[in-house]
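1. Provide a 3D model corresponding to the input given below.
(2 chains)
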Amino acid sequence: MKLELRGITKRFGSLTANDHISLTVEPGEIHCILGENGAGKSTLMNVLYGLLEADEGEILLDDVEQRFDGPGDAMKAGIGMVHQHFMLIPVFTVAENVMLGHESTGFAGFLNQNQARARVRDISSRFGFDVDPDALIEDLPVGVQQRVEIIKALSRDAKVLVFDEPTAVLTPQETDELMSIMKQLRDAGTAIVFITHKLREVREVADRITVMRLGKVVGEASPSASNAELASLMVGRSVELTVQKQPAKPGEPALTVKGLTVVDPIGQLVVNNVDFEVHAGEVLAIAGVQGNGQTELTEAILGLQPRVKGSIALDGKELTGLNVRKVLDAGVGFIPEDRNEDGLVAEFSIAENLMLDRADGAPFAKGGSLQLRFRNTFATEKVREFDVRAQSIDTPVGTLSGGNQQKVVLARELSRELRLLVAAQPTRGLDVGSIEFVHKRVIEARDSGIPVVVVSTELDEVDALADRIAVMYRGGIVGIVPGGTDRETLGIMMAGEQPETPAPQGDPRGEAA
Amino acid sequence: MSQEQDGAQASVDESALQQAGDADVALETGAQVPPEQQEPNRWNEALRQIMGGSVVISILAVVLALIVGAILIAVTDPGVQQAAGYFFSRPSDTFEAIWNVVSGAYTSLFQGSIYNFGRPTFASGIRPFMDTLTYATPLIVAGLGVGLGFRTGMFNIGGQGQMLIAAAFCGWVGWSFDLPPVIHLVVAVAAGVVGGALWAGIAGVLKARTGAHEVIVTIMLNWIAFYLISYLLRTPGALQAHGSNNPKSPAILPNAILPQILGPQYQLHFGFIIAIAATIFVWWLLERSSLGFKFRAVGENPHAARVAGISVNSAIIWSMVIGGGLVGLAGVDQVLGTTTGGFGSAIDAGIGFDAITVALLGRSRPLGTFIAGVLFGAFKAGGFLMQAANSIPIDIVLVVQSLIVLFIAAPPLVRAIFRLPKPGPRPPRKQKPATPAPVAEEVAAR
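-> Below you'll find the predicted structure:
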């Protein structure tokens, strides 16, 4: 089925998210839509999927104009979508999830499960998916869950498949498998729309590329286009993502983690007997696919996890068992993974957020009373120092852009006397300029002799910052390798396997010498 | 201008971009992918929504409620019904009847609550307003207490129970001891505050330690308090007045009674001054104190508060304790100010629940709560005259009060009726990233 979008325009107030977007996707073709976040890709797809109504323009399928009032209409017309965040019910089986929404019932309204199972088996075998229709979704690895999403779309006879940033949650290996699945689907005649901002993936599978920027189509490119051409179209300027840094000068071991085990509230072992050391003045990056215990590890350091065994010692001082307040007082700076949820109070002003963890005593409070004058001076100074773009220090943080929000978090954490900095996904969702800024600050902290732990799922970030890299898989550390280890090796480790030639345990002192 | 320059520029860009491309990094600007959020506590979300409403919404909610109230008055009025029976022959009769009854009702409401023009002197004319303030006194303090809970993310539905326990505490001090003038009053008031604080503190501790939901716990504590006080009021030697068979307490000793501040011709008592002081105290607590800062942080985002080293549990407990103390003051007002001759188990007079409305209408801000408390006091004071003068059931006033809650709880409805724009707590993110003009244009411009 041929999909054509003509002059799609979508405005949100004064903001034009899509400005007369036109594109055509032929059957048996993978059409990549490339663009930064905020370029309007997702808006466009939501219009296509009936979640949003376009202000102007039309959608045509095989040259027939369509009108979608909701995803149901879009599905009926043959459009399937694989969302970035899976729309699956964890406690249902694969077959139940696949039939959800168009269940067929038999005698007396009983669900016809067998039909759904057969359908799952049929589609799985057609594309070699190897998915058990009776497996519970929650037991399946992320990559397989995604296949269930694809089966779901195909079971509704989708002729146009939209993949919305499908690789964000996958290991490199799983990504490769997805790529081959996409090629298979293409060869079977499906029209595929692949939304991404990762250039490598685009160049691997795309038959045609449309680049979007600021809500407009800024150009088309062929898959043979160089990364440079694509990036320049996408960003509109040259970008530099490697942070300038000197080799680390690691000192004494500062943070020593021994036999750390964390059990989560539902009784699952999320961090399993982890040992590592971080030296003063070095960055230890913890790499791994999201959800392999990194979050819990950082939370355990901060005292946020209730069931922790083992030892976390900072400069010889035991941190396990202390509450968050005491851990912070011990000199731990923490940049949480989800800044909106854990890092900031959206309704609070910049100034209030800058003192969030220091409301207890001097200099921000005296005799139980807030020292507003000091707070404002402090905030004004930090806003200038960290280049937070806002109207005033009284602006609610919730109204700032992601980059400026992260700068507020960074300013708060770095303005204390630190003995350890733990940064979880410090640049997630940030624009290029802010990424540069955050990276620079992290390296500055390192160079001032602070041990730094950076958790990141982005290999590029790991690459840019790490002096040593610990790879986590299913709660354990697969291995610790020196910074600059090639992606291939890291990818294998991220899947839980030891690389062919075991990388030597990274020794920061050896490296520095 | 020159070709060479173009070429040089392009190659520089190329190399930089090559690097970038190789890095294959997520290039992102402006808006971010919203991380899959855990479903936030629904009550908290609802609270935030309600409190996020503007002053305008609060005012319009009152206006709307009065309009709907007018319709109800008109529809239920026998005169209007009669006139409507021959609407098509003489429609003017119907409209006249509607006008008469509605204007009569609201005039009475005004005269009964603000100023009575029928009286000869200003001193007697202003008496209704003094009544309004008297009624408003417990509503204000209780509203402040409930509002403090709201700001910490807690729904304190237990005003009734807290008032009853406070009444028992301060009443007992008020009639059992014979203390010197000022001291007796201070001790009695303090006892009441402690009583309310303790009762609310139970809910706070249960919430903090066991996660028991405060709505359920406070409602249950209402019943426990009610039956406990009822029992004690029937038990000689406990709260029952000596030598009486009625479930009623003894009268308060004169030294423990809140003095009337404007002389004997007005009911207004010292509790109103306490209410003003409490309003200022709560303002200081929330806006200027370290403790209040933590309360607000926990109320807005408990996760971030926890990560910032703020003890969510102690914030919950202390906000309930302080809030309960304020609600306790309402019980004190009732026992030491209004019903000084001894009280029964209905001493709370529904104030504990009205306080929720008052706090909502005042958007949990101290000044807003004060104003809302006065408004509700006016409804109470004016409602009686409305019933007496126009034989309009006082229930209409309750309906109007309930409608106010309804409209405040549904800001989208109010906005739709008055065609207000959607509020923009999150204005569209700055879409324009800090990127300079595209390379191509830059090159072309040379």
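
2. other residues contacting stretch B:100-117?
-> B:66, B:70, B:73-74, B:77, B:79-80, B:118, B:124-129, B:131-132, B:377-379, B:381-386, B:388-390, B:392, B:396-397 (C-beta atoms under 8 Å, 6 or more residues apart in numbering or on different chains). All C-beta atoms are positioned from the backbone trio N, CA, C, and that covers glycine.

3. selecting buried members of those residues in PyMOL, what would you type?
-> Filtering the contacts of stretch B:100-117 down to the buried ones (16 or more other C-beta atoms under 10 Å in any protein chain shown) takes a single PyMOL command:
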select buried, chain B and resi 66+70+73+74+77+80+125+126+127+128+129+131+132+377+378+379+381+382+383+384+385+386+390+392+396+397
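
4. residues contacting residue 265?
-> In the absence of a named chain, this looks at chain A. residue A:306.

5. oops, wrong one, chain B.
-> Applying C-beta under 8 Å, 6+ apart, the residues near residue B:265 are B:123, B:124, B:127.

6. look up how far residue B:129 lies from it.
-> In this view, residue B:265 and residue B:129 are 13 Å apart by C-beta to C-beta, to the nearest Å.

7. ok, residue A:129 next?
-> For residue A:129, the distance to residue B:129 - C-beta to C-beta - is 77 Å.

8. for the stretch 201-350 of chain A, which segments are assigned as helices?
-> Under the criterion DSSP state H, counting those that start in this stretch, the stretch 201-350 of chain A contains helices at A:227-235, A:294-302, A:324-329, A:350-354.

9. swap in the stretch 51-200 of chain A?
-> For the stretch 51-200 of chain A, the helices defined by DSSP H, counting those that start in this stretch cover A:71-76, A:94-99, A:113-127, A:142-155, A:172-187, A:199-205.

10. for chain B, which of these is the nearest?
-> For chain B, the closest of the helices of the stretch 51-200 of chain A is helix A:199-205, at 4.4 Å, according to C-beta to the nearest C-beta.

11. is the closest one up against chain B anywhere?
-> Yes: residues of helix A:199-205 contacting chain B under C-beta under 8 Å from any C-beta of the partner chain: A:199, A:200.

12. average pLDDT across that helix?
-> Averaged across helix A:199-205, the pLDDT comes to 81.

13. mind giving me the packing neighbours of it?
-> Counting contacts by 3 or more C-beta pairs under 8 Å, 6 or more residues apart in numbering or on different chains; DSSP states H and E, helix A:199-205 is packed against strand A:29-34, helix A:172-187, strand A:191-196, helix A:227-235.

14. how far off centre is that helix?
-> Its chain's average C-alpha position is 19 Å from that of helix A:199-205, according to C-alpha atoms, centre = their mean, to the nearest Å.

15. circling back: tabulate the contacts of residue B:265 in TSV, adding columns for pLDDT, distance to chain A and secondary structure.
-> Converted to TSV, the contacts of residue B:265 look like this (pLDDT from 0 to 100; distance: C-beta to the nearest C-beta, whole Å; DSSP: H, G, I helix; E, B strand; the rest coil):
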residue	pLDDT	distance to chain A	secondary structure
B:123	89	42	helix
B:124	89	45	helix
B:127	92	41	helix
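
16. okay if I get those residues as JSON lines plus distance to residue B:373?
-> Output for these, formatted as JSON lines (distance: C-beta to C-beta, whole Å):
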{"residue": "B:123", "distance to residue B:373": "24"}
{"residue": "B:124", "distance to residue B:373": "24"}
{"residue": "B:127", "distance to residue B:373": "19"}
